[in-house]
Every structure is written in structure tokens, then in C-alpha cells.
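K.L.:
using only what follows, build the 3D model:
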Amino acid sequence: MSRRIAQRVRKVGGSTLRSVQHIVRLARLSGNEADFVAPALMLAELRSDNEQLVGFMRDAHFVCGGVDDVASIRRGPERVVDADWFNRHGAL
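P.N.:
Below you'll find the predicted structure:
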């Protein structure tokens, strides 16, 4: 899947990842490095991360629409709906 995403990014004129340090610089979700996280807090953090991910996917869908990337536009809503479903139905 990463290869496909990289191809789509290059197609719309973006640059792809170059190193682990590049990934760290671009990361938009923060990690929790605590030695112990209570289960309820962990689930709350996962839900919050998933909600942010849905927003990022909607942003990407908008970018793809702006450059007529039809293949990505078709797949985008499916992924957003799937991730959003988990938030609404308490799967996380």
C-alpha cells in the first residue's frame, strides 16, 4: 500500500519520504511514550488519533480532487467512511 500511496503523491506533484528522520519531521500525530497507560486513556487516545486520521484523509481527498486524480478520489471516501465508522460505533 505504501508504494501505491507514494505513486499517487508523485503524480500530484508531491515529494515522497526520504528517510526515517523525514518521517519524524512530517509526523502529525504525537506518540505517547509513557511506561504505562491506563486502558481507558489508551482507548481515548486511539479514538482521538483515529479522528485526526479521518481529517487527514479528507484533506488528501480534497487535494486529489484538485488535480483530477480520479483513482485516488474513488478510493478516498471508502477509507474515510471505514475510519469514521470505527469512531462512531465504539470499535476503538
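
K.L.:
how about the helices in this protein?
P.N.:
Assigned helices in the chain, in chain order: 2-11, 20-26, 39-66, 70-88 (criterion: DSSP state H).

K.L.:
distance of residue 7 relative to residue 55?
P.N.:
23 Å (CB to CB, to the nearest Å). Using the backbone N, CA and C atoms, a C-beta is placed for each residue, glycine as well.

K.L.:
give the contact list for residue 16.
P.N.:
Contacts for residue 16 (CB atoms under 8 Å, 6 or more residues apart in numbering) come out as 6, 9-10.

K.L.:
mind running it again at 10 Å?
P.N.:
Residue 16 sits next to 2-3, 5-10, 22 when contact means CB atoms under 10 Å, 6 or more residues apart in numbering.

K.L.:
out of those residues, which end up buried?
P.N.:
Neighbour counting over those (16 or more other CB atoms under 10 Å) leaves 8-9 as the buried ones.

K.L.:
okay, who's weakest in the contacts of residue 16 by pLDDT?
P.N.:
Minimum pLDDT for these is recorded at residue 2 (68).

K.L.:
can you pull the poorly scored residue ranges out of this protein?
P.N.:
Where the chain drops to pLDDT under 70, the residues are 1-2, 66-92.

K.L.:
again, only this time at 90
P.N.:
1-20, 22-33, 42-44, 46-92 (pLDDT under 90).

K.L.:
format the contacts of residue 16 as JSON lines; extra columns: distance to residue 49.
P.N.:
Below are those laid out as JSON lines (distance: CB to CB, whole Å):
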{"residue": "2", "distance to residue 49": "19"}
{"residue": "3", "distance to residue 49": "24"}
{"residue": "5", "distance to residue 49": "18"}
{"residue": "6", "distance to residue 49": "22"}
{"residue": "7", "distance to residue 49": "26"}
{"residue": "8", "distance to residue 49": "22"}
{"residue": "9", "distance to residue 49": "21"}
{"residue": "10", "distance to residue 49": "27"}
{"residue": "22", "distance to residue 49": "21"}
